[in-house]
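Enquirer: 3D, please:
(4 chains)
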2 protein chains.
Amino acid sequence: MSKSKSDVRRTGTRRREADLWNSEEKRRKEREEKRMAVLLTAAEMFLERGSHRVSMNEIAHELGITKPSLYNYFASKDEILFECFRQSNEVIVSQIISIEKSAGTGLERLSAFIRAYVRPITTVYGSVMIRLEDRELPDEMRTEVREYKRAIDARIRTMVAQGIEDGSIEPCDVKLATFVLLGALNWIGQWYDSDGSDSIDTIGEEFTRRLTAGLIASRK
Amino acid sequence: MSKSKSDVRRTGTRRREADLWNSEEKRRKEREEKRMAVLLTAAEMFLERGSHRVSMNEIAHELGITKPSLYNYFASKDEILFECFRQSNEVIVSQIISIEKSAGTGLERLSAFIRAYVRPITTVYGSVMIRLEDRELPDEMRTEVREYKRAIDARIRTMVAQGIEDGSIEPCDVKLATFVLLGALNWIGQWYDSDGSDSIDTIGEEFTRRLTAGLIASRK
DNA sequence: TGTTTAGGTTACCGTATGGTATAAGGAACG
DNA sequence: CGTTCCTTATACCATACGGTAACCTAAACA
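Expert: Model prediction:
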């Protein structure tokens, strides 16, 4: 709607084209910034208290606005939550992709993954996928989120399988081995906040050691 | 209240003492059975949909009664949920205790624990502690549940520490090693339902292998 | 200056929920 | 048969929440 309108104006008053466009661009940008501020605030509150315990009023209050204003940026609370999951997926998947592109044996890449995965998990958006319940979402959105999770799982399984193929990882049940990995890693999200004595990197190192030890192929 | 009343009766009509007591005993027992039926039904529904998504009306309906009847057995929804956690704690702790009492090195007992822990996790009550959110509970109850969790964690840490002491487990960060263990195990609760191709025992074996491999002390 | 428009506010609605007041039903006892 | 509990159901309440309708403001444009 706003797009067609701007098109009409641009052709109507060509002289003002640049200003108009700048103005619109600026508006669009500000709007997007506000939208992201809403999203980040909501994500933090959702993580802290669980999404259904956070009301739209409270999100708005935290941002210094009122509830109906939120509906300028998101159509519903569900949409906010879903967007949190999408951001989370993006963070995690991009992390995985960067590992996938790296060289090395399957085991090496898996180690790199474990070491790196610790970081997004302790991030606001990164932890959403792990700590928030997709059950809060309406069916369609929930299905999509579960698809994100399934895809992540598949990527890790592939990594393990490739390690077995290239001989760096001991033959084992790929599915269960992946569950062990992702379980231990994802569980970090359950305790990390409440415990400050270990640095993220320390955790990454220790987890890498513990979780890969059982996978190293024994050279006969 | 009902206790003092029964006392009065017993002294008042001594002849009827046995019958009265039998009658009261029977009542008490039936009441307890019903209470437990409520609890089990609620637990199953909570696990399936998340506790806050299950209304008292729905629990009652599932049991073929009406909402106010529930309040004969539990003072509040919170109390039902809390009781679920208590049952869960009992199941898990009793499992741990039986392992603690067994002989063997620390590593052997830890292996036994992993193998055994898989089972309660896939049980209704056993999975409550892992899958339901204690955030749903009012502060006091929540504090107690968190204490349960802390105690379980401490027991496993002790097991690991003893293994290091007796030389069966490689020296490592006890806290983080325990997190790896419990993380991988607890995560089972997140995927077990939706996947039926592996038997519980298969999972137990594979997890034991994967999770202990990194802990075996290298004999120098 | 008048007009449009996005983004904000106030006030409100419908609904669902946990929980309760009250009374009816029914078994156990005298 | 009357009385006393215990259990259950009907009807209800207060509250909180997601969402909306209607209006207002201020800036951008002509």
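Enquirer: could you point out the longest helix in chain A?
Expert: helix A:17-49 (DSSP state H).
Enquirer: from the contact counts, what lies against the next helix or strand after that helix?
Expert: On the C-terminal side of helix A:17-49, the closest following helix or strand by DSSP states H and E is helix A:56-63. On a contact count with 3 or more Cβ pairs under 8 Å, 6 or more residues apart in numbering or on different chains; DSSP states H and E, helix A:56-63 meets helix A:17-49, helix A:67-70. Heads up, the C-betas are built off the backbone N, CA and C, glycines and all.
Enquirer: let me know the angle separating the longest one from helix A:56-63.
Expert: Relative orientation of helix A:17-49 versus helix A:56-63 (axes from the mean of the first three to the mean of the last three Cα atoms, to 10 degrees): 110 degrees.
Enquirer: so which bits of helix A:17-49 are buried?
Expert: A:Leu20, A:Glu24, A:Arg35, A:Val38, A:Leu39, A:Thr41, A:Ala42, A:Ala43, A:Glu44, A:Met45, A:Phe46, A:Leu47 (16 or more other Cβ atoms under 10 Å in any protein chain shown).
Enquirer: and chain A, which residues reach chain B?
Expert: Applying Cβ under 8 Å from any Cβ of the partner chain, we find that chain A lies next to chain B at A:49-50, A:52-53, A:133, A:135-136, A:172-173, A:175-177, A:179-188, A:190-191, A:198, A:202-203, A:206-207, A:209-215.
Enquirer: buried subset of those?
Expert: Among those, the ones that count as buried by 16+ other Cβ under 10 Å are A:50, A:52, A:133, A:136, A:172-173, A:175-177, A:179-188, A:190, A:198, A:203, A:206-207, A:209-215.
Enquirer: of these, which belong to strands?
Expert: Counting by DSSP state E, those place none of their members in strands.
Enquirer: show me these that map onto helices.
Expert: A:175-177, A:179-188, A:190, A:203, A:206-207, A:209-213.
Enquirer: center of chain A - which residue?
Expert: Nearest to the mean C-alpha position of chain A, by Cα atoms, centre = their mean, lies A:Ser88 at 1.4 Å.
Enquirer: gap between that one and A:Val124?
Expert: To A:Val124, A:Ser88 is 9 Å away according to Cβ to Cβ, to the nearest Å.
Enquirer: which helices and strands does the longest helix of chain A pack with?
Expert: helix A:2-12, helix A:56-63, helix A:77-101, helix A:124-131.
Enquirer: does DNA strand C sit close to the third one?
Expert: No - contact of helix A:77-101 with DNA strand C is not found when judged by Cβ under 7 Å from any atom of the strand; the minimum separation is 12.3 Å.
Enquirer: buried set for that helix?
Expert: A:77-78, A:80-89, A:91-93, A:95-96, A:99.
Enquirer: okay if I get the helices and strands packed on helix A:56-63 as CSV plus distance to A:Ser111 and mean pLDDT?
Expert: Putting the helices and strands packed on helix A:56-63 into CSV (distance: least, Cβ to Cβ, whole Å; pLDDT from 0 to 100) gives the following:
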stretch, distance to A:Ser111, mean pLDDT
helix A:17-49, 28, 84
helix A:67-70, 43, 96
